[in-house]
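Trainee: below is the structure, and that's it, no one-letter string:
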């Protein structure tokens, strides 16, 4: 059940991000809700599930929009793994942890895209890219973190409540 719901969530997000969220551009920046979902599920579940969700979300992005297959899959997989690794013992209802991780992950994601997509092509104006792309993307993703985390938290709580009676501890 968890795999099905998570797959539907990732696929529905991909469809919304490539169709509906195009109309929510601010300063030519679209919200990266896939990154927010990867970070939130990594916090709530584990590093291995976060890495798997990141891989498949990135693979969908690679298939639809990428120039090289695997770049976004690897990038999102690393983000999912890193965000889920050290934070599994923290209080999961804390809203500041996802905010800080989304800000850090957005910065890492956009800076990695800059390095591999623009810097290698000869565009060396890092301050322009930082001012025009990275900072607005980080702010936009940080703004959307709270409602998306709340939605994912309630979905995860529902799934855990359905799984706990079936789980035998002894």
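Mentor: The structure has been received and is ready for your questions. Owing to the predicted nature of the structure, the values given are computational and were not obtained by experimental measurement. Numbering: from 1, shown residues only.

Trainee: would you verify that residue 93 is located in a strand?
Mentor: No - Residue 93 is assigned coil when assessed by DSSP: H, G, I helix; E, B strand; the rest coil, not a strand.

Trainee: residues in contact with stretch 71-90?
Mentor: Residues outside stretch 71-90 that contact it (Cβ atoms under 8 Å, 6 or more residues apart in numbering): 34-35, 38-39, 41-43, 45-59, 61-62, 66, 97, 101, 105, 108-109, 112-113, 116. Heads up, the C-betas are built off the backbone N, CA and C, glycines and all.

Trainee: in that stretch, what's buried?
Mentor: 71-73, 75-84, 87 (16 or more other Cβ atoms under 10 Å).

Trainee: tell me where the model's unsure across this protein.
Mentor: 87-89, 91-92, 120, 123, 164-170 (pLDDT under 70).

Trainee: got the buried residues of stretch 71-90 as JSON lines, with distance to residue 150 and secondary structure columns?
Mentor: Shown next, in JSON lines, are those (distance: Cβ to Cβ, whole Å; DSSP: H, G, I helix; E, B strand; the rest coil):
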{"residue": "71", "distance to residue 150": "31", "secondary structure": "helix"}
{"residue": "72", "distance to residue 150": "26", "secondary structure": "helix"}
{"residue": "73", "distance to residue 150": "27", "secondary structure": "helix"}
{"residue": "75", "distance to residue 150": "26", "secondary structure": "helix"}
{"residue": "76", "distance to residue 150": "22", "secondary structure": "helix"}
{"residue": "77", "distance to residue 150": "25", "secondary structure": "helix"}
{"residue": "78", "distance to residue 150": "26", "secondary structure": "helix"}
{"residue": "79", "distance to residue 150": "21", "secondary structure": "helix"}
{"residue": "80", "distance to residue 150": "20", "secondary structure": "helix"}
{"residue": "81", "distance to residue 150": "24", "secondary structure": "helix"}
{"residue": "82", "distance to residue 150": "23", "secondary structure": "helix"}
{"residue": "83", "distance to residue 150": "17", "secondary structure": "helix"}
{"residue": "84", "distance to residue 150": "19", "secondary structure": "helix"}
{"residue": "87", "distance to residue 150": "18", "secondary structure": "coil"}
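
Trainee: please verify my assumption that residue 21 contacts residue 29.
Mentor: No - counting by Cβ atoms under 8 Å, residue 21 stays clear of residue 29, with 10.7 Å between them.

Trainee: who's more crowded, those two?
Mentor: The neighbour comparison of residue 21 against residue 29 (other Cβ atoms under 10 Å) goes to residue 29, with 19 against 16.
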